[in-house]
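S.K.: build me a model:
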Amino acid sequence: MVNQTYTVDVLVVGGGTGGTAAAIQAARRGVKTILVSEFPWLGGMLTSAGVSAPDGNELEAFQTGLWGAFLQELRQRQLGGLDNSWVSFFSYDPQIGAEIFADWVQELPNLHWISGQVPLEVFRQGDSITGVRFADFAVTAKIILDGTELGDLLALAEIPYRWGWELQSEWGEPSAPVGFNSFTQKYPVQAPTYVVIMQDFGDAIAPEIPAAPNYNPSQFTDAWDGYGAETFLNYGRLPGNRFMINWPICGNDYGQGVGRLIESDVSRGEFIQESRWHSQNFAHFIQNQLGRRYGLADKVFPHASTAFALHPYYRESRRLLGLTTVREQDILPIAGGRVASIFNDAFAPAVCEAIAVGNYANDHHYPGVQFPLQPKSIRWGGRWTGTPFTIPYSSLIPVTTDGFLVCEKNISVSHIANGATRLQPVVMGIGQAAGMAAAMCVELNCQPRHLPVRSLQTALLEDNRSKTAIIPLFNLPPNRSDWLDWQLYYLNNPQAYPVSGYCPCPSENEYPDSAFEKALIRESNCFKGIFFRLEQQEYRFAVTAPAAYQGQNWQLVTLRSHIDEQLRTYPHEQLVTLWGRQNHFGNWLLVEQLNGG
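M.R.: Have a look, this model is predicted:
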């Protein structure tokens, strides 16, 4: 029974990574916004799903928008820093991430957050979505955004969506299958993971982790072969001797009957329960194999079983059938280049449609299966990263439905390309753009499909709180005084976008007065040693000072373009003085400043 009906400008349903970003951005723009979430934490993949070692958009030039602001907040709040794991440059206590989002929401009087609710019905007037009903209240709004983890509003509103694979004949994607088979039937979408947090209790004996139903140790037998137990644990190491268990090799990815997620509430609940049991069984196996010093962490998540995330980490959801679909070709590098082409309007090729950027490799998860994909990884800064790509605004807009945008993994994207667009920083960028678009549609009294994309891009670039990059350029960090000029130049001249990903501007300027710069250097330590070039993008460093580290050898990596440039040209076996941060678990030094010896 509906006891109350709220009327607002913008309604965001789902408090995940994209939905949270969308609601915050819409409210910061000044419109009256309601955010309805299923769980008591906001942030989705970054917090309540427990993936607090995010991937992608790690380079300094891509740390912009709400994603960059989130990282800056983490640096200030996470004691001991973010250099805790080897899978990510940013690993943190998920509770701290949740506190950041809660604080951002709390400071906005025009943003009303309601938790513990799921959508039950969508209201329509002709081709327009006008409202959503929840258990005991309803919300009507001018613009409604689907930020649910599995695209639930798409189904409730009967908006056309995709689920499963597309064949190569659909768009000519090089990695797509030629025909459907038993594999594509078994795994219509990528496998989720129910993250569990374990802890090293040291000399104490951890409580025993009981086996859950369906325990089969042979499923996990080879989990850390080729890595070693310590390296395996340090993959997702968190502060406080805790470990994020989100391991794809004979680990806790779970895909048995994954199609049940969208069949019914009952079948979804069954799948979620099984995936949680699967993670409990993996934790039980780890404890049995590595000893009782390892157990379930205590007081991580805000519910009874505090070591288990609030919900699974969903890698894929229902995917909108939108005005434009992001395909594999759109995320792969240009022939002879190191970037993907930037998105042009299908109806006006001279207009760039980009509203968010990503750079992660195309990463698919199917338990027990190695699925071959076209490579989009590159060496940069002494390590592997991914080809930068962009997300077009029209991939957020349904073909015919008005009053509606998507802002999560549910954008119009192929199953293949979803492996790169699903990553947390990309989804946060999508959410920020969707929230800005929704607010501007309210201001201009127009539908999302009629919002001029250039107005949206300009608003994102010039946002006074969290300006966000639209054009990915390796050597254009957000602290440069000419950052906006170069972003606008390539928006106005998309045909001039360089295949190298480098704009023709000096990259050695460091802007020492920048607060961003000062924060990075302040966190760094000074080291002296010998520089060794193993390959063009592989560097080692033999420490000579300080004495406590003398004789140690570290890999050198950087996220900063001007440091990358120095490393690429620095003489082999030369003495060097550098400032950086150690990551003991990745065995690297993250270089923030570099001088000759």
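
S.K.: could you use CA atoms for every contact and neighbour count after this?
M.R.: OK.

S.K.: quick one: mean pLDDT for stretch 501-513?
M.R.: Averaging pLDDT along stretch 501-513 gives 66.

S.K.: wait, I meant stretch 469-483
M.R.: On average, stretch 469-483 scores 96.

S.K.: again, but for stretch 237-248
M.R.: 97.

S.K.: need the distance between the two termini of that stretch.
M.R.: Terminal residues of stretch 237-248 lie 15 Å apart, using Cα to Cα, to the nearest Å.

S.K.: for residue 122, what is the enclosing helix or strand?
M.R.: Per DSSP states H and E: residue 122 is located in strand 121-125.

S.K.: for that strand, list every residue counted as buried.
M.R.: 121-123 (16 or more other Cα atoms under 10 Å).

S.K.: how close does residue 241 sit to residue 202?
M.R.: 9 Å.

S.K.: list the contacts of residue 538.
M.R.: 382-383, 555-556 (Cα atoms under 8 Å, 6 or more residues apart in numbering).

S.K.: hmm, I typed the wrong one, I wanted residue 184.
M.R.: Counted by Cα under 8 Å, 6+ apart, residue 184 has contacts 164-165.

S.K.: same thing but 6 Å
M.R.: Counting by Cα atoms under 6 Å, 6 or more residues apart in numbering, residue 184 makes contact with nothing.

S.K.: could you do residue 41 as well?
M.R.: Residue 41 neighbours (Cα under 6 Å, 6+ apart): 48, 98.

S.K.: recalculate using a threshold of 10 Å.
M.R.: Residues near residue 41 by Cα atoms under 10 Å, 6 or more residues apart in numbering: 15-16, 47-49, 94-95, 97-99, 101-102, 115-116, 301-302, 310.

S.K.: now swap in residue 315 and tell me
M.R.: Contacts of residue 315 by Cα under 10 Å, 6+ apart are 45, 149-150, 189-193, 363-365, 409, 418-419, 421-423.

S.K.: what's the overlap in contacts for residue 241 and residue 202?
M.R.: Taking Cα under 10 Å, 6+ apart as the contact rule, residue 241 and residue 202 both touch residue 294.

S.K.: neighbour count for those two, which is higher?
M.R.: Shown here are residue 241 and residue 202; by other Cα atoms under 10 Å, residue 241 has more neighbours (15 against 11).

S.K.: hang on, the more buried one packs against residue 293?
M.R.: No: using Cα atoms under 10 Å, residue 241 is not in contact with residue 293, being 11.1 Å away.

S.K.: give the residues shared as contacts by these two.
M.R.: Both residue 241 and residue 293 are in contact with 199-202, where contact means Cα under 10 Å, 6+ apart.

S.K.: between those, which is nearest residue 373?
M.R.: residue 199 (34.7 Å; Cα to Cα).

S.K.: quick check: that closest one touching residue 298?
M.R.: Yes: with contact defined as Cα under 10 Å, residue 199 counts as touching residue 298 (8.2 Å).

S.K.: shouldn't residue 373 be within a helix?
M.R.: No: if the criterion is DSSP: H, G, I helix; E, B strand; the rest coil, then residue 373 is coil and not within a helix.

S.K.: still on that earlier bit, please narrow the contacts of residue 315 to those residing in helices.
M.R.: Judged by DSSP state H, helices contain the following of the contacts of residue 315: 418-419, 421.

S.K.: just put those in JSON lines and tack on neighbour count, pLDDT and distance to residue 228.
M.R.: Output for these, formatted as JSON lines (neighbours: other Cα atoms under 10 Å; pLDDT from 0 to 100; distance: Cα to Cα, whole Å):
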{"residue": "418", "neighbour count": "27", "pLDDT": "98", "distance to residue 228": "31"}
{"residue": "419", "neighbour count": "22", "pLDDT": "97", "distance to residue 228": "27"}
{"residue": "421", "neighbour count": "33", "pLDDT": "98", "distance to residue 228": "31"}
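
S.K.: measure residue 7 to residue 499 for me?
M.R.: 47 Å.

S.K.: so which residue is smack in the middle of the chain?
M.R.: residue 424 (1.2 Å; Cα atoms, centre = their mean).

S.K.: so that one sits right up against residue 19, yeah?
M.R.: No: using Cα under 10 Å, residue 424 is not in contact with residue 19, being 11.8 Å away.

S.K.: between these two, which contacts overlap?
M.R.: Going by Cα under 10 Å, 6+ apart, residues that sit against residue 424 and also against residue 19 are 43-44, 408, 430.

S.K.: among the buried residues of strand 121-125, which one sits closest to residue 63?
M.R.: residue 122 (35.8 Å).

S.K.: show me what contacts the closest residue to the closest one other than its chain neighbours?
M.R.: Distances taken as Cα to Cα, 6 or more residues apart in numbering put residue 132 closest to residue 122, at 4.5 Å, once the chain neighbours are dropped. Contacts for residue 132 (Cα under 10 Å, 6+ apart) come out as 5, 11, 13, 118-124, 138-141, 144, 153, 156-157.

S.K.: filter these down to the buried ones and hand me the PyMOL line.
M.R.: To isolate the buried ones among the contacts of residue 132 in PyMOL, judged by 16+ other Cα under 10 Å, type:
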select buried, resi 11+13+118+119+121+122+123+138+139+140+141+144+153+157
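
S.K.: so of the contacts of residue 132, which ones are in helices?
M.R.: Checking the contacts of residue 132 against DSSP H, those in helices are 153, 156.

S.K.: how many neighbouring residues does residue 187 have?
M.R.: 19.

S.K.: tell me where the model's unsure across the stretch 201-350 of the chain.
M.R.: Counting by pLDDT under 70, the stretch 201-350 of the chain has low-confidence residues at 345-349.

S.K.: er, the stretch 51-200 of the chain actually
M.R.: In the predicted model, the stretch 51-200 of the chain carries no residue with pLDDT under 70.

S.K.: quick one: the helices in this structure, in order.
M.R.: Under DSSP H, the chain gives helices at 17-29, 65-77, 94-106, 152-156, 168-171, 182-186, 229-234, 265-290, 418-421, 424-444, 453-461, 483-492, 515-522, 561-569.

S.K.: which helices and strands does the third one pack with?
M.R.: Spelled out, it's helix 94-106. helix 17-29, helix 65-77, strand 111-115 (3 or more Cα pairs under 10 Å, 6 or more residues apart in numbering; DSSP states H and E).

S.K.: who wins for proximity to residue 468 among the ones you listed?
M.R.: Nearest to residue 468, of the helices and strands packed on helix 94-106 and by Cα to Cα, is helix 65-77 at 3.9 Å.

S.K.: quick one: residues contacting the residue lying closest to residue 322 once chain neighbours are set aside.
M.R.: In space, and not counting its chain neighbours, residue 322 is closest to residue 398: 4.4 Å by Cα to Cα, 6+ apart. Applying Cα under 10 Å, 6+ apart to residue 398 gives the contacts 154, 159-161, 320-324, 404-406, 411-412, 448-449.

S.K.: okay, now residue 83: neighbour count?
M.R.: For residue 83, the count of nearby residues is 24 (other Cα under 10 Å).

S.K.: how many neighbours does the residue nearest to residue 321 when sequence neighbours are not counted have?
M.R.: Nearest non-adjacent residue to residue 321, counting by Cα to Cα, 6+ apart: residue 161, 4.8 Å away. Residues within reach of residue 161, counting by other Cα under 10 Å, total 18.

S.K.: do the same with residue 378
M.R.: As a burial measure, residue 378 scores 17 neighbours (other Cα under 10 Å).

S.K.: and residue 494, by the same measure?
M.R.: Neighbours of residue 494 using other Cα under 10 Å come to 20.

S.K.: so what's it scoring on pLDDT?
M.R.: 92.
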